[in-house]
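Student: Build the 3D model from these lines:
(chains A and B)
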2 protein chains.
Amino acid sequence: MSDFADWLKPREPSGPTILARERAQSGISVGELSRALFAGDDYLERQARILPILEAEPLFDKKQQANLSRPDLYKLALARAKLLRRLVDKHGWDINDYKLAETLVDDVSPYYLHMHMFVTTIREQASDAQQAHLMPLIESFKIIGAYAQTELGHGSNVQGIELEARWDPLSKEFILHSPTLTASKWWNGSLGRTANYAIVVAQLLLPKPDARTGGHTEYVSHGPHPFVVQVRDLKTHQPPKGVVIGDIGPKFGYGTIDNAYMLFDNFRIPHSAFLSRYAKVDPETGAYSKPAIPAVVYGTMTYVRSLIVHQSRLSLARAVTIAVRYTTIRRQFRDRDNTDGPEVAVLDYPTVQIRILPLLAATYALHYTGLAMQKKYSDARKEIEKGDFSSLAHMHSMSSGLKSLCTNIVADGIETCRRALGGHGYGGASGFTRLYPDYLSRVTVEGDNWMITQQVASYLIKRMTEAASGKPGSDASHLEILHAQASGRTLHPYNILDSDTALVKAFRRRASFQVYGIYVNRVLRKTPWTSLMIQLNKASHAQSMAMIVELFYEAVARNEGLSPTIRAALLDLYRLFACYYLELEGNDFIRAGAVSQSELNALPAHIQQLMAKIRPHAVNLVDAWMIPDYLLDSALGRYDGKVYEELFHRAHRLNPLNKITFNPNYWEDEIVKGTGDNWSSILAKL
Amino acid sequence: MSDFADWLKPREPSGPTILARERAQSGISVGELSRALFAGDDYLERQARILPILEAEPLFDKKQQANLSRPDLYKLALARAKLLRRLVDKHGWDINDYKLAETLVDDVSPYYLHMHMFVTTIREQASDAQQAHLMPLIESFKIIGAYAQTELGHGSNVQGIELEARWDPLSKEFILHSPTLTASKWWNGSLGRTANYAIVVAQLLLPKPDARTGGHTEYVSHGPHPFVVQVRDLKTHQPPKGVVIGDIGPKFGYGTIDNAYMLFDNFRIPHSAFLSRYAKVDPETGAYSKPAIPAVVYGTMTYVRSLIVHQSRLSLARAVTIAVRYTTIRRQFRDRDNTDGPEVAVLDYPTVQIRILPLLAATYALHYTGLAMQKKYSDARKEIEKGDFSSLAHMHSMSSGLKSLCTNIVADGIETCRRALGGHGYGGASGFTRLYPDYLSRVTVEGDNWMITQQVASYLIKRMTEAASGKPGSDASHLEILHAQASGRTLHPYNILDSDTALVKAFRRRASFQVYGIYVNRVLRKTPWTSLMIQLNKASHAQSMAMIVELFYEAVARNEGLSPTIRAALLDLYRLFACYYLELEGNDFIRAGAVSQSELNALPAHIQQLMAKIRPHAVNLVDAWMIPDYLLDSALGRYDGKVYEELFHRAHRLNPLNKITFNPNYWEDEIVKGTGDNWSSILAKL
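Tutor: I've put the predicted structure just below:
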């Protein structure tokens, strides 16, 4: 459909011209920075190899996704999941290739749980015999599994789940039974329509020894335990009698995956369904033997949380890449003090910088935090395998606190970027319409962000109690606070404006001060736990923030092979990140004696100076994340800067609504002009 | 489809039992409070009359909305718009009836702009002759209008729009022309598919007097001016040659309305298209006469912004109603200090209270702020009609600052409530999947929330400058700061913990301190405007927050007819609101000398006590907003508390995805089991 719009161009200066100028005037080599970021990882090579394969497949084209109904979205995601799995066979992809392809396609896949939680649980909790039977079926996708733990009535409190698995000593079977509606499994990904197997977590009920009276068996609960259960027929894909199962319906995001509900009505499963790597039920006596190492479960959770921390920086980098590129191109208003000049790029306004540049700094902060976490996790893993569990509690606390803090920063940061884009940020071609709703799941899954800070706080109180009792190996900042409180001495605040290490120390002191507060309240004053919850949350937050600041600083200080320009820019990003978050919670730092009021008052101007230093490098600093246009899926964030051309192209040439002519007259029933289609057709879909 | 799930009930205590208990134990009469809130307004009567009419129409059923594709969403919205308009005829509804019905149906209607901006602009800017011609056509819906101002390249900066309206003295026509792609109209609601008329804002280009040289006419721009233009044929509903027009495609929210793009290629419109109530172009000479009262335009903007402020409290009340009811019913974990007790209602956790209860307080704060704004607006209007424009600048500043602050509070508050609901808050039956994305438009439309604070700051600087020059009628808190600064005297902080009026004064002093800061920088030190923008924003924020606190306090202090229980609860809500926001920005109050460090340190405990006092009344305090289940459209927020029954019902019995059996085997092309439907059907939609 050719028309005069085909010949129109955006007003000068054009996006490509602007971005070329921005890229040229920064002294930062994107290639060098990018290689430094991903050093020791074949991420960039992998992306370069896989991306063209995906882009060549029409099924992976994203342009019409936002026009599909939710049932069609699932259908598309299933077709894509199948195709991706075929590409694994065709190209001999390894698991990392597969996962990167999944990331680039950007669907939460109907196979997601099969490839992650299902296979992991079988590997970690199934006995050798169970694995020998199941692993070949899993790896060949002959069976597709899911993971069913959360219920309609219980999520965070796993101990409270209601589904029962009762051992029947006569038939030597377990009987799965949902006593109430709230016992329905709920939220279980991949299970609604896709999977035919599931890990099912249920209260393990075993007969009390010698408690059979009058034909009636008394049972005792041994808490939640995982079973592996076939829930659909491999031929008909229908659930057996006694199992009700389905998809829970549309959600805030995650339209591509089938989250499930599932109920059992006295449904019998064999003894072999009980995952028995650690715990066992004797099929003859019904006797229970506990897992030797109950803490092993924490290991998986710690792993998943560290992974979420590490992944978070790329989700934020997507948002920041779009925001930086577009606000560099977008011009609006002339300078009030120079009304003859051209319109100003909106990223030159401090009110736009203050929203985007601290988040640009955060992508780097989270990156180095994630890397450090991964390293600490693998070190800890090695110790654990040698039977040394001493680092487990620390790792668990660290990963929980960082999961909560990092996903909050990213979820809020994505939306902050989106709003900074003004009207076009609200449009469908912004690149945020899937990113934001999907990412929002992160603040709730794998431990609600508020809830899990209690676990962190418990550990922190323990550490402070140990420090108070003189246990060696305590944090220096903990000891300092304890001594200052004991002696009534006032701590001298750090001079944060001139010293990078003083910033680290200020965050540490603030954290220790908060931890000291909850220690006094809980341990010394025996204050009820519940009434302390807000303080517990603050202490966890402060501790995790101190960790990010410290890890960011260590990584930048260490990076000696880098060119001076890059090193200087990374240091400025570090300073901006630390100063920005310090100023946000300035009063906490004052109370802790970590900074002086006069330095705190000077921070806003200091932050504005740092932003002015970073601004010329902003485009190159986001380019270094190497996020391909295919993943960004954003007219505003295109690498080449053709923002307006693409916005118009998507609207004028791709929008299916424009192929339909409507009848707007209210006195006529007809909705689609000339077809006689009245509203009965749409009514039928309600 | 009957199965064993039909007989299951949620675990005790049930939602209805819990809510009945909550409602009984609060001494607050919902009826009394509700009548007090809506006193002098027939809102409740109107809602009671209209709601059953809507609920009886199958077309207004919302249950399947989230399963529709975006083209179908528009189709449904158009059908609903037609039906609503028929109901106006059938029941003789007035404009307020119509608007309430629109609110309850909760679509942003394809007729929205016709009913609002289009008719308003004609009424305010069209000449009597133009009105005589157009108004009958508008009121009978013979023509349907939209409002086209924003362009692809210009939103906030209206002066910068590119579309040209050039007067041709020979043919006595205007020629509408889009010189670039960025000149395309963009975002214009109702215009993409629905409207056949539009107000089109273009740069008015008139020939320079005596400037015709060599057959070439030199033109001069008189800035943006509105024209009324027919953009589609009334029979075929197609645009004329020279006009390209369409819907911009899916967006973050607002799926039901057709936001447009529109380009003109030397498109000729008659002289009568020029809206000429105030400005005129002489058809004979091409001479321009300016509007006598240019400020009149501010009037409309002020009105729209005040309206947004007033409406904001009901959007937040929807979110808070859902949050309070669900977190009262939801139980998770036993008390850590009483592990034998029952599971605790999550609203009893301070970490949940601190998220929801300040927002409950905010619904009331915004309500009284909105009422006061409406009254001040109508008072100002009367003065303006008497020719007294003195209050216009103040009203404009006030409405701009409050629009920015209130919509930020509500947009963020809705999401805060959603996250406080844990997993079910992410589900489609939460009641947030349309509310949040639709509301997010508010932070950008009618003046981007960051951008418009500059307008507020300009006015505030002017006020401070006047105060400094001794002009009578200045704010007491402005004068106090000026005197203190001049004399070097330290201001004594207010004792906010014991005094409700001290809270008001503390907010005022903080605001004046911030305004003083930007006055010094801009007026005395001549600091560049752009570099001050972050401070300007903070000053506007502080001033608007002081206004809300003051208006809330005045309303509660005045409300003497109320029962003591209600009055006490409203006072606690006021205190919670003020203390919560004061603590958030505590350091600003310290710097302003508005509170002491020791009182600031005591605030968290004080806030927790206030929340404990409000908690028993929470359900009744949200009930008083009288938001019907039909509008909430939330399983979690149902008035009767049947949360789990409805979640399960929607998933198991209403989800269309569960009517389809899929084939999950990746080596088979078939997607829908037994139909042979392979992925070509979904590929065709991409």
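
Student: Make sure residue A:528 is actually in contact with residue B:349.
Tutor: No. Proximity of residue A:528 to residue B:349 does not meet the contact threshold set by C-beta atoms under 8 Å, at 11.7 Å. Placement of C-beta: from N, CA and C, glycine included.

Student: the more surrounded of those two?
Tutor: Under the criterion of other C-beta atoms under 10 Å in any protein chain shown, the comparison of residue A:528 against residue B:349 puts residue B:349 first, with 23 against 13.

Student: So which residues of the stretch 551-686 of chain A form strands?
Tutor: For the stretch 551-686 of chain A, applying DSSP state E, counting those that start in this stretch gives strands covering A:670-672, A:677-678.

Student: buried stuff in the longest one?
Tutor: Of all the residues in strand A:670-672, those buried under the rule 16 or more other C-beta atoms under 10 Å in any protein chain shown are A:671, A:672.

Student: which other residues reach it?
Tutor: Strand A:670-672 is contacted by residues A:660-663, A:676-679, A:681-682, B:75, B:78-79 when judged by C-beta atoms under 8 Å, 6 or more residues apart in numbering or on different chains.

Student: can you give me how far it is from the chain middle?
Tutor: Remark: strand A:670-672 is offset 44 Å from the chain centroid, using C-alpha atoms, centre = their mean, to the nearest Å.

Student: now do stretch A:574-593
Tutor: 25 Å.

Student: end-to-end on it?
Tutor: Using C-alpha to C-alpha, to the nearest Å, the end-to-end distance of stretch A:574-593 comes out at 22 Å.

Student: cool, stretch A:461-477 as well?
Tutor: Stretch A:461-477 has an end-to-end distance of 14 Å (C-alpha to C-alpha).

Student: on that earlier part again, of the contacts of strand A:670-672, which is the most crowded?
Tutor: Among those, residue B:78 has the most neighbours (other C-beta under 10 Å), with 27 neighbours.

Student: Double-check that one against residue B:110; I have them as touching.
Tutor: Yes. Applying C-beta under 8 Å, one finds residue B:78 in contact with residue B:110, separated by 5.0 Å.

Student: Mind checking what secondary structure the residue nearest to residue A:421 when sequence neighbours are not counted has?
Tutor: Excluding its sequence neighbours, the residue lying closest to residue A:421 (C-beta to C-beta, 6 or more residues apart in numbering or on different chains) is residue A:326, at 5.7 Å. For residue A:326, the assignment made with DSSP: H, G, I helix; E, B strand; the rest coil gives helix.

Student: Contact partners for residue A:326?
Tutor: Here residue A:326 is in contact with A:421, A:424, A:636, A:637, A:643 (C-beta under 8 Å, 6+ apart).

Student: can you put the residues you listed in TSV and add pLDDT?
Tutor: Listed next are these as TSV, based on pLDDT from 0 to 100:
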residue	pLDDT
A:421	98
A:424	97
A:636	98
A:637	98
A:643	98
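
Student: Same list as before, those that is, but in TSV and with distance to residue A:204 and neighbour count included.
Tutor: Formatted as TSV, these follow (distance: C-beta to C-beta, whole Å; neighbours: other C-beta atoms under 10 Å in any protein chain shown):
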residue	distance to residue A:204	neighbour count
A:421	52	26
A:424	55	23
A:636	53	28
A:637	50	30
A:643	58	28
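
Student: ok, and for the longest strand along chain A, which residues are buried?
Tutor: In chain A, assigned by DSSP state E, the strand with the most residues is strand A:197-213. Within strand A:197-213, the residues that count as buried by 16+ other C-beta under 10 Å are A:197, A:198, A:199, A:200, A:201, A:202, A:203, A:204, A:205, A:206, A:207.

Student: Assumed residue A:285 was part of a strand.
Tutor: No. Counting by three-state DSSP, residue A:285 is not part of a strand but coil.

Student: And it, how far from residue A:277?
Tutor: 20 Å (C-beta to C-beta, to the nearest Å).

Student: how about CSV for the contacts of strand A:670-672, with distance to residue B:367 and pLDDT added?
Tutor: Output for the contacts of strand A:670-672, formatted as CSV (distance: C-beta to C-beta, whole Å; pLDDT from 0 to 100):
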residue, distance to residue B:367, pLDDT
A:660, 42, 96
A:661, 44, 97
A:662, 38, 97
A:663, 41, 97
A:676, 48, 80
A:677, 43, 81
A:678, 42, 83
A:679, 37, 86
A:681, 42, 89
A:682, 36, 92
B:75, 36, 97
B:78, 33, 98
B:79, 34, 97
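
Student: What about those, which are in helices?
Tutor: A:681, A:682, B:75, B:78, B:79 (DSSP state H).

Student: circling back to that earlier point, now list whatever residues contact both of residue B:78 and residue B:110.
Tutor: Shared contacts of residue B:78 and residue B:110, defined by C-beta under 8 Å, 6+ apart, comprise A:664, B:193, B:194.

Student: most surrounded residue in the residues you listed?
Tutor: residue B:194 (29 neighbours).

Student: what's the spacing between the residue nearest to it when sequence neighbours are not counted and residue B:263?
Tutor: The spatially closest residue to residue B:194, leaving aside those adjacent along the chain, is residue B:110, at 4.2 Å (C-beta to C-beta, 6+ apart). Distance, residue B:110 to residue B:263, by C-beta to C-beta: 21 Å.

Student: and if you look at residue A:339?
Tutor: Applying C-beta to C-beta to residue A:339 and residue B:263 gives a distance of 29 Å.

Student: cool, residue A:624 as well?
Tutor: 38 Å.

Student: any weak-confidence spans in chain A?
Tutor: Flagging of chain A using pLDDT under 70 yields the residue ranges A:1, A:210-216, A:292-299.

Student: is the longest helix along it up against chain B anywhere?
Tutor: Of all segments of type helix in chain A, defined using DSSP H, the longest is helix A:350-385. Yes. Residues of helix A:350-385 contacting chain B under C-beta under 8 Å from any C-beta of the partner chain: A:350, A:351, A:352, A:354, A:355.

Student: which ones are touching residue A:516?
Tutor: Per C-beta under 8 Å, 6+ apart, neighbours of residue A:516: A:464, A:478, A:481, A:482, A:485.

Student: Now, the residues you listed that are in helices?
Tutor: Those of the contacts of residue A:516 lying in helices (DSSP H): A:464, A:478, A:481, A:482, A:485.

Student: Any idea what residue A:205 is bridged to?
Tutor: Taking DSSP bridges as the rule, residue A:205 bridges to residue A:166, residue A:221.

Student: where exactly do the helices run in the stretch 551-686 of chain A?
Tutor: Taking DSSP state H, counting those that start in this stretch as the test, the helices found in the stretch 551-686 of chain A are A:564-584, A:586-591, A:597-614, A:618-623, A:629-632, A:643-649, A:680-683.

Student: Run a quick neighbour tally on residue A:560.
Tutor: By other C-beta under 10 Å, the residues close to residue A:560 number 6.

Student: got a list of what the closest residue to residue A:28 other than its chain neighbours touches?
Tutor: Closest residue in space to residue A:28, ignoring its immediate chain neighbours: residue A:620 at 4.3 Å, by C-beta to C-beta, 6+ apart. Neighbouring residues of residue A:620 by C-beta under 8 Å, 6+ apart: A:22, A:23, A:26, A:28, A:30, A:33.

Student: tell me the contacts of the closest residue to the fifth one other than its chain neighbours?
Tutor: Once its chain neighbours are removed from consideration, residue A:30 has its nearest residue in residue A:623; the separation is 4.6 Å (C-beta to C-beta, 6+ apart). Residue A:623 sits next to A:23, A:30, A:34, A:321, A:639 when contact means C-beta under 8 Å, 6+ apart.
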